[in-house]
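Undergrad: Return a 3D structure for these sequence lines:
(one chain, ligands or ions: 2)
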Amino acid sequence: MVAPPKKAPPEEFSWRITKHVCRACMGRVLMRETFEGRRVYRCSNCGIEREGRSELALCCCGIRFGKAQRDAGIRCLPNPMRTPECMSEIIAQEVVHSNQLRRREEAQPDE
Ligand SMILES: [Zn+2]
Ligand SMILES: [Zn+2]
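TA: Ligands and ions are numbered 1, 2, ... in the order given. Sure, this is the predicted structure:
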C-alpha cells in the first residue's frame with residue numbers, strides 16, 4: 001500500500017474560477033494571486049499555467065493572428081444553450097462584427 005503524502009502538493013493554492021476558457025482545450029481557466037500580487041492563470045483541465053495581467057494570457061479572448069498579432073475575434077462567452085453534447089458553462093465563440101454582417105447583406109440582396 002502506498003501511504004498518502006503528508007504534505008499538500010504545491011498546487012494546493014486557492015484558485016478563483018474565471019469566466020474564461022483555455023485556448024488549448026476549452027477547459028475552465030482559474031486564477032490566483034501570488035504573495036507578490038502577481039496573477040497566475042491556470043487551466044483546470046490541461047494544467048497550463050501562465051502569469052499575466054488578465055485571463056488573456058491563457059484564454060480564447062487572447063488568440064491572435066499571424067505576425068501582426070491581429071485579434072482573432074474570439075471571445076469566451078456564457079453558453080446560451082447547454083445541451084448534453086455541449087454542457088460547458090462557458091464557450092469560446094467567434095464574435096462577428098455587426099457592421100461587417102450588414103455590409104455583406106447589402107452586397108447580396110435577396111431580390
Ligand atoms: Zn487547457
Ligand atoms: Zn476569455
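Undergrad: who's in contact with stretch 58-77?
TA: When contacts are defined by Cβ atoms under 8 Å, 6 or more residues apart in numbering, stretch 58-77 is touched by residues 18-23, 26, 29, 41-43, 48, 50, 52, 55-56, 90-97. (Each C-beta comes from the backbone N, C-alpha and C, glycine too.)
Undergrad: rerun that using 6 Å as the cut-off
TA: Residues outside stretch 58-77 that contact it (Cβ atoms under 6 Å, 6 or more residues apart in numbering): 20-21, 23, 29, 41, 50, 56, 90, 92-95.
Undergrad: Who wins on neighbours among those?
TA: V29 (28 neighbours; other Cβ atoms under 10 Å).
Undergrad: just to revisit the earlier point, filter the contacts of stretch 58-77 down to just the ones in strands.
TA: 20-21, 29, 41, 50, 90, 92-94 (DSSP state E).
Undergrad: can I get the residues you listed in CSV with pLDDT?
TA: Formatted as CSV, these follow (pLDDT from 0 to 100):
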residue, pLDDT
H20, 98
V21, 97
V29, 97
Y41, 97
R50, 96
I90, 96
A92, 95
Q93, 92
E94, 91
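Undergrad: check whether stretch 24-43 contacts ligand 1.
TA: Yes. Applying Cβ under 5 Å from the ion, one finds that stretch 24-43 is in contact with ligand 1 at 24-25, 27, 43.
Undergrad: of all those, which two lie farthest apart?
TA: Spatially, the most separated pair among the residues of stretch 24-43 next to ligand 1 is A24 and G27, at 8.0 Å (Cβ to Cβ).
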